[in-house]
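> predicted structure and sequence below. I'll ask about it afterward.
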Amino acid sequence: MVLSLAATPGLLAALAFESAELTLAPKPGEEEIRGGFRFKNTGDAPVRITKVHSGCLCTVPETPAEAVPPGGEGSLPILYKPGQRTGRQETVLHVETSDGARHALRLVVDLPVRVSFAPRLLLFRGGERESRTATVTFPGDSQTELLGVTVAGAEFEIVGRPALEQGTLKLELRFAGDAAATARATARIRTRDSAGAEHTDVLYLRHTP
């Protein structure tokens, strides 16, 4: 009995994650994305996740309430809310366990690109009055509807009537202000996607003497 009691404090808990990185690839339009980091208790004593901290408010980890017995397996659930984010997103989660260990887990989310510009900035110089064109593409949704285009700044004007065809908008603008003045403005593009959500995207305009 004495030997048994003496050995008890020496039991070790060891939570091992299958991978320190989790990659999620959601579909276009998903507002909530769920995943999980798989783990196993490789020690000989129960262990519990005590704290999980995320560096981004878009990532909501759920701390499991139950202790993991020796040899037991489980998952650290993750809820990711992309909002208006697009493209590759990364965040690090810091996990603490009851055995005093700390783990750094990386969450990678490859979000579909909702809109792309070529180029994002239209630059005009001096007294040139030639129009310049930006191509705005909505690669994930060919059913995007154009609601309107407005220019904030009297020095620039839209040429023709913008139209969105098969997910692509050719937006042509020209400088109509003082050739000796520096000017900055934006063209705001309002659209509605196939899910009914409305968006406003910005093209930047600049003139230098």
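Nice, I can see it.

> element containing the closest residue to residue 94 other than its chain neighbours?
Spatially, and ignoring its direct neighbours in sequence, residue 94 is nearest to residue 53 (4.6 Å; Cβ to Cβ, 6 or more residues apart in numbering). C-beta here means a position set from N, CA and C on the backbone, and glycine is covered the same way. Applying DSSP states H and E as the criterion places residue 53 in strand 49-54.

> quick one: buried residues of that strand?
Using 16 or more other Cβ atoms under 10 Å as the test for burial, strand 49-54 gives 49, 52, 54.

> what lies in contact with it?
By Cβ atoms under 8 Å, 6 or more residues apart in numbering, the residues outside strand 49-54 that reach it are 15, 60-64, 76, 91-98.

> again, but for stretch 103-111
15, 17, 20-26, 33, 35, 37, 59, 76, 78, 80, 82, 85-97.

> can I see the domain layout of this structure?
11-111, 116-208 (automatic domain parsing).

> centroid-nearest residue for this protein?
residue 85 (3.7 Å; Cα atoms, centre = their mean).

> following the helix or strand bottoming out on mean pLDDT in the chain, which helix or strand shows up next?
Every helix and strand in the chain was compared by mean pLDDT, DSSP states H and E; the lowest is helix 2-7, with a mean of 33. Next helix or strand after helix 2-7 toward the C-terminus (DSSP H and E): strand 15-17.

> show me what that following strand is packed up against.
strand 33-41, strand 102-111 (3 or more Cβ pairs under 8 Å, 6 or more residues apart in numbering; DSSP states H and E).

> what comes into contact with that strand?
37-43, 47, 49, 68, 76, 97, 99, 101, 103, 105.
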